[in-house]
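Asks: got a predicted structure here, sequence first:
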Amino acid sequence: MKQRLGLAAWWALWPAYIVYFRLGERGRVLLVSGDEVLLVYSRFGNGRWNVPGGGLHRGEDPAVGAAREVREETGIVLEPQKFTPLGRQIYRGAGIMYRYHAFAMRISRDVQLTRQPREIADIRWFKTTDLTPQVASKEVFDCIAAARTAGLLQ
């Protein structure tokens, strides 16, 4: 049910998303624990799990903004200076294109999670081998590939 409502909202707001995503920079942080990654399921997303993160404020340092977004969505407080930069990525899908700064960080799987109920429907750890394109967004796979290149994942 929540997936259908999220998809309906996604398509109803699609024109607004195009303007929103194209105008601003975004930041994402792939949180890694062993062979698992922490993903969020947005109430207003495309029906797939994604890497925590979101829009950066004007003039905000990308790592600082990505850490702020992760805290807002998951309750996890991160130190941006400890991020491993994964580079600037481009997302293309569902008629939307935007650029985002990708980072990764190893954390304990036992970290306390507090989801932002208005925006995030669920937060969950996933084994990277269990992820498929039907379950996770393209951003997840791009960030995982970059994290493997950086030596954070096998």
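Replies: Structure's in. What do you need? Numbering: from 1, shown residues only.

Asks: what strand or helix carries Phe103?
Replies: Taking DSSP states H and E as the criterion, Phe103 maps to strand 96-106.

Asks: where along the chain do the strands fall?
Replies: Secondary structure of the chain (DSSP state E): strands located at 26-33, 36-42, 53-55, 84-93, 96-106, 120-127.

Asks: now mean pLDDT too, for those strands, in CSV please.
Replies: Conversion of the strands of the chain to CSV gives the following (pLDDT from 0 to 100):
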stretch, mean pLDDT
strand 26-33, 97
strand 36-42, 97
strand 53-55, 93
strand 84-93, 88
strand 96-106, 92
strand 120-127, 97
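
Asks: got phi/psi on Ser108?
Replies: Here is the backbone geometry of Ser108 (degrees, to the nearest 10): phi -80, psi 140.

Asks: the closest residue to it other than its chain neighbours - how many residues pack around it?
Replies: Among residues not flanking Ser108 along the chain, Ser33 sits closest, at 6.4 Å (Cβ to Cβ, 6 or more residues apart in numbering). C-betas here are computed from N, CA, C, even on glycine. Ser33: 14 surrounding residues under other Cβ atoms under 10 Å.

Asks: need the contact list for Ser33.
Replies: With contact taken as Cβ atoms under 8 Å, 6 or more residues apart in numbering, Ser33 is in contact with 106-109, 125.

Asks: which one of those residues is nearest Ala147?
Replies: For the contacts of Ser33, the residue nearest Ala147 by Cβ to Cβ is Arg106; the value is 9.6 Å.

Asks: so what sits opposite the closest one in the bridge?
Replies: Val32 (DSSP bridges).

Asks: just to check, it is in contact with Leu153?
Replies: No: in this structure Arg106 lies outside contact range of Leu153 using Cβ atoms under 8 Å: 9.5 Å.

Asks: okay, and the common contacts of the two?
Replies: Val32.

Asks: who's more crowded, the two?
Replies: Neighbour comparison, Arg106 and Leu153: the larger count goes to Leu153, with 20 against 14 (by other Cβ under 10 Å).

Asks: where does that one fall, phi/psi-wise?
Replies: According to degrees, to the nearest 10, Leu153 has phi -140, psi 150.

Asks: show the contacting residues for the nearest residue to Gln134 once chain neighbours are set aside.
Replies: Spatial nearest neighbour of Gln134, excluding adjacent residues (Cβ to Cβ, 6+ apart): Arg48 at 7.6 Å. Going by Cβ under 8 Å, 6+ apart, Arg48 touches 134-137, 140.
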